[in-house]
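J.: Predicted model, plus sequence, below.
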Amino acid sequence: MEHKQRWAVRAVIAGAGVLALAGIAAPAAADVVVTPTEAVQGDGADLTLRITNESRTASVTAIDVRLPADNPIAEVYPLSVDDWAPAMTNEKVDKPLASLHGYRITEVTTAITWIAMPDRALPPGKTTELYLSIGPLPAVDRLAFAVVLTNSDGTQANLTVPALTLKPGEGNAHAAAHGEAEPQPQPVAQADSGGPSYLLWSLVALLGIGVICVVSVVLQHRRKPVPVPEEEPKEMVSAS
């Protein structure tokens, strides 16, 4: 009985030690929220990354947002944000990608680093929002990002970012994401509803206008005064 109790105590101590080591090895606490949480494959998306510095001592001097390398995106645009200056990292791709505007892209952005302006580093406990416009979104179920913070004390923190859920688009969103031309919609004849068609009404209207014109001409002709021939002046007979 005492032997079992000793093993139980040792197991509790070992478990506590493992938890303590895990807490020490864990990255610096921080929070990242991405909105919206869903987008459509083949479309563009305007993303907002809300980042909170949960460090108690260090300020954040740089925020590195890394895009998925397995699913490159043709167009990536960091939008203007106060207190931060974006720097883009680009790489060439083996197969050109189609942009949202129909261009062929051979060099894509793989990362964006927002660098804090002088004396504008993100203090402990404060939150900032970064804005990113991307597209066309690839034909995958989820799009994962990575965020790395650089702190004023020289340390870095790898943050866990919720993946963006991508839903299949209507029509040919998959083709748009791969640069394939979308078929243009063709005119479709309207189904007969059982009433007079537009063409029939047009013919009736034209016929009515023609009848009105004919009647108007006839009436004008009838109302035109008939010229009366002038009488020739009689010869004057001289008195005998």
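T.: Everything's here; your move. The shown structure was predicted, so the numbers you read here are calculated from the model rather than taken from an experiment.

J.: going forward, measure contacts between C-alpha atoms and count neighbours the same way
T.: OK.

J.: Name the surrounding residues that touch stretch 100-111.
T.: Where contact means CA atoms under 8 Å, 6 or more residues apart in numbering, the residues beyond stretch 100-111 that reach it are 43-44, 64-69, 72-76, 88-99, 135-136, 179.

J.: Drop anything exposed from the residues you listed.
T.: Neighbour counting over these (16 or more other CA atoms under 10 Å) leaves 43-44, 64-67, 72-76, 88, 96-99, 135-136, 179 as the buried ones.

J.: For residue 164, grab the count of nearby residues.
T.: A count of nearby residues for residue 164, using other CA atoms under 10 Å, gives 18.

J.: What sits closest to it if chain neighbours are left out?
T.: The spatially closest residue to residue 164, leaving aside those adjacent along the chain, is residue 143, at 4.9 Å (CA to CA, 6 or more residues apart in numbering).

J.: Now go through the buried ones among the contacts of stretch 100-111 and say which are in helices.
T.: Helix and strand membership here follows DSSP state H; of the buried ones among the contacts of stretch 100-111, not one is in helices.

J.: Mind checking which of those are in strands?
T.: 64-66, 75-76, 88, 96-98, 135 (DSSP state E).

J.: Looking at these, which is nearest residue 55?
T.: Set against residue 55, the nearest of these by CA to CA is residue 64 (17.0 Å).

J.: Skipping adjacent residues, who's closest to the closest one in space?
T.: Using CA to CA, 6+ apart and skipping residues adjacent in sequence, the residue nearest residue 64 is residue 113, 4.2 Å away.

J.: I figured the one you found hits residue 88, correct?
T.: Yes: under the contact definition of CA atoms under 8 Å, residue 113 touches residue 88, with a separation of 6.4 Å.

J.: For residue 120, which non-adjacent residue is closest in space?
T.: Nearest non-adjacent residue to residue 120, counting by CA to CA, 6+ apart: residue 83, 5.7 Å away.

J.: Tell me how far the one you found lies from residue 34.
T.: Applying CA to CA, to the nearest Å, the value for residue 83 to residue 34 is 20 Å.

J.: ditto for residue 137
T.: Separation of residue 137 from residue 34 (CA to CA) stands at 16 Å.
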